[in-house]
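Engineer: The following block contains a protein sequence and its predicted model.
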Amino acid sequence: MIPKMRLAVSLVVWALYFAACVAPAVDISYEGTNHMALFRPQDVPGFIALLVGWEKPRTLPWSANLFFVAGWICLCRKNAVAALILGIAAALLGLTSWIFIPEPYKNLLVGYYLWQLSLVLFAIGSFLIWHRTEIEKQSSESNAPKHSVR
């Protein structure tokens, strides 16, 4: 059951992450630009935000990507506790985008929300896997034969 949960969490969060990379993430427009177009030249796609997001002042929100990848590696290595901690850290770091993105670029678009959703769902998925692991561990301990000492 748990390997299937790890696979499901991985597929969902990476699909959202990929969608975030191809979707517009930040609107860098100023007053007087056309806000009616579906994809405008002033919209920065998620993959560009990923490539240049480590520059100041966006370093802290961008570091969520590092925590996410490290957490996913831990999840693949069957360390749900580390994945959960890193997933929570990634989700919280992603939320700092609202604080550290400079004023003219405060218009976060669908790519940002897909990215943030992937981080939050990774943390939730890691929690569910950790919880299921603990339940199975307790179940196997209670079903283990008890040896009596004479």
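Structural biologist: Yes, it's here.

Engineer: make it CA atoms for all contacts and neighbour counts henceforth
Structural biologist: Will do.

Engineer: So for the one helix or strand residue 71 maps to, what gets flagged as buried?
Structural biologist: Per DSSP states H and E: residue 71 is located in helix 64-76. Using 16 or more other Cα atoms under 10 Å as the test for burial, helix 64-76 gives 64-65, 67-68, 70-72, 74-75.

Engineer: Check which helices and strands it is in contact with.
Structural biologist: helix 2-22, helix 80-95, helix 110-143 (3 or more Cα pairs under 8 Å, 6 or more residues apart in numbering; DSSP states H and E).

Engineer: nearest to residue 94, of the buried residues of helix 64-76?
Structural biologist: residue 64 (5.5 Å; Cα to Cα).

Engineer: Next one: that closest one from residue 93, what distance?
Structural biologist: Here the criterion is Cα to Cα, to the nearest Å. By it, residue 64 lies 5 Å from residue 93.

Engineer: Over to residue 111?
Structural biologist: As judged by Cα to Cα, residue 111 and residue 93 stand 16 Å apart.
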